[in-house]
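**Q** Give the three-dimensional model of this entry:
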Amino acid sequence: MVKKQYKVAILGATGAVGTRMIQQLAASTIPVSEVHLLASARSAGKTMTFKGESVTVEEAKPESFDGIDLVLASAGGSVSGRLLPEAVKRGAVCVDNTSFFRMNDQVPLVVPEVNEKDLAWHHGIIANPNCSTIQMVMALEPVRQKYGLNRIVVSTYQAAGGAGQSAIDEMNAEAQADLNGEEFTPQILPVKGDQKHYPLAFNLLPQIDVFEDEGYTHEEWKMIHETKKIMLGDKNSPDIKVTATCVRVPVPVGHGESVWFEVGTDQRPTVAQLHEVMADFPGLVVQDDPSQQLYPQPKTAEGRRETFVGRVRRDLETPGAYNLWVVADNLLKGAAWNSVQIAERLVADDLVRVPEHNAELFL
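**A** Residues are numbered from 1 along each chain as shown. Take a look at the predicted model:
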């Protein structure tokens with residue numbers, strides 16, 4: 001029997017996540033017969049490399065998806081909203097790294113280690129969760145499976161790279177200007193389209209995305225509702241209480257998170273028992289030995305597909321509650337690798353097909 005080959009398009013191929021999607025796809029188990037690199041008109045004509053071969057970047061248009069089997073998208077929400085339904089209409093299955101479809105009840109929101117089963121009911125589009133949500137549910141899912149979860153309180157330490165390569169470049173320029181005693185006017189963070197901009201170098205910004213109701217930012221809102229949708233299948237489920245504070249920190253790549261959680265059973269697992277269930281969970285690496293100062297760090301997580309967890313300890317004031325520290329490369333497990341991993345599972349489970357007329361759900 002001849003193994004099926006797949007024609008794959010990467011939408012947003014020239015961006016920070018898109019370039020990593022190319023690398024992760026090349027290293028994946030997906031048998032690729034053709035790769036099409038799609039971007040804006042200003043990037044069309046550039047050449048990039050896939051498995052040692054030169055590929056010319058094309059302008060992304062609806063007809064770009066003719067004959068395509070799989071689409072990996074990370075070109076911004078408005079682009080996904082406009083082009084992915086066109087891809088589905090042409091028979092492609094799309095994995096979208098933007099927030100555009102995440103809260104759509106017709107779209108699975110998937111971290112393969114946590115809820116791969118949700119891929120089975122896709123209608124042509126699968127959403128990749130927010131980077132900060134992915135690493136948190138990776139750390140907590142083995143706990144939920146064994147002991148249940150009542151409540152989660154998370155504070156994030158999110159890298160500049162979460163806002164794109166331009167944010168990293170601006171942070172580096174700010175740092176150099178500050179060291180030189182020079183003035184620098186920030187243009188990007190905390191939110192490029194917001195009214196004010198602040199420097200990230202030698203600073204902390206307690207705003208990621210725009211502010212919404214009750215003083216929460218959209219990033220915080222995403223962590224709350226995405227966690228519920230991934231773990232419980234209902235973005236508004238009351239069964240796990242979640243709250244978040246999201247902070248941008250002057251680190252290029254790699255998000256850190258301080259997570260307080262309360263288990264959902266009368267059992268009171270020891271730290272060793274939590275280590276055991278975490279260490280057995282695929283894609284999760286325990287780095288936790290205070291006697292050796294061993295704990296996860298963004299610097300050592302960069303370029304790695306795994307999620308790293310440490311500083312696991314009991315809350316000394318609240319029985320059944322615990323703290324942990326979790327780190328991941330936000331551009332890999334938080335974006336490019338999780339997207340390719342979803343595509344791998346779609347291929348392995350023979351789910352690279354669009355039921356007839358499903359594109360109408362998104363048009």
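**Q** rest of the way, CA atoms for contacts and neighbours
**A** Fine.
**Q** right, and K229 touches D239 too?
**A** No - at 11.2 Å, K229 and D239 do not qualify as touching, with contact defined as CA atoms under 8 Å.
**Q** The two - which one has more neighbours?
**A** K229 (21 against 13; other CA atoms under 10 Å).
**Q** what about the nearest residue to that one once chain neighbours are set aside, which SS state?
**A** Ranked by CA to CA, 6 or more residues apart in numbering and with sequence neighbours excluded, the top spatial neighbour of K229 is K235, at 4.1 Å. What DSSP: H, G, I helix; E, B strand; the rest coil gives for K235 is coil.
**Q** The stretch 1-150 of the chain: helices as residue ranges?
**A** Assignment of helices within the stretch 1-150 of the chain using DSSP state H, counting those that start in this stretch yields the ranges 16-26, 77-89, 112-115, 131-147.
**Q** got those as JSON lines, with distance to F308, mean neighbour count and mean pLDDT columns?
**A** JSON lines is the format used below for these (distance: least, CA to CA, whole Å; neighbours: other CA atoms under 10 Å; pLDDT from 0 to 100):
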{"stretch": "helix 16-26", "distance to F308": "19", "mean neighbour count": "22", "mean pLDDT": "97"}
{"stretch": "helix 77-89", "distance to F308": "29", "mean neighbour count": "21", "mean pLDDT": "97"}
{"stretch": "helix 112-115", "distance to F308": "14", "mean neighbour count": "19", "mean pLDDT": "98"}
{"stretch": "helix 131-147", "distance to F308": "8", "mean neighbour count": "22", "mean pLDDT": "98"}
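**Q** mind checking how far P269 is from A321?
**A** Per CA to CA, to the nearest Å, P269 is found 10 Å from A321.
**Q** more crowded one of those two?
**A** Here P269 and A321 are compared on neighbour count by other CA under 10 Å; more neighbours surround A321, at 21 against 18.
**Q** tell me which residues form a beta bridge with that one?
**A** E262 (DSSP bridges).
**Q** Look at it and report its pLDDT.
**A** Per-residue pLDDT puts A321 at 98.
**Q** how about it, what does it touch?
**A** 260-263, 314-315 (CA atoms under 8 Å, 6 or more residues apart in numbering).
**Q** one more time with 7 Å
**A** 261-263, 314-315 (CA atoms under 7 Å, 6 or more residues apart in numbering).
**Q** Format those residues as TSV; extra columns: neighbour count, distance to T300 and pLDDT.
**A** Shown next, in TSV, are those (neighbours: other CA atoms under 10 Å; distance: CA to CA, whole Å; pLDDT from 0 to 100):
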residue	neighbour count	distance to T300	pLDDT
F261	22	25	98
E262	25	28	98
V263	23	29	98
R314	20	25	98
D315	14	27	98
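**Q** May I see those residues arranged in TSV, with distance to K4 as well?
**A** Putting the contacts of A321 into TSV (distance: CA to CA, whole Å) gives the following:
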residue	distance to K4
F261	44
E262	46
V263	44
R314	50
D315	52
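**Q** Thank you, goodbye.
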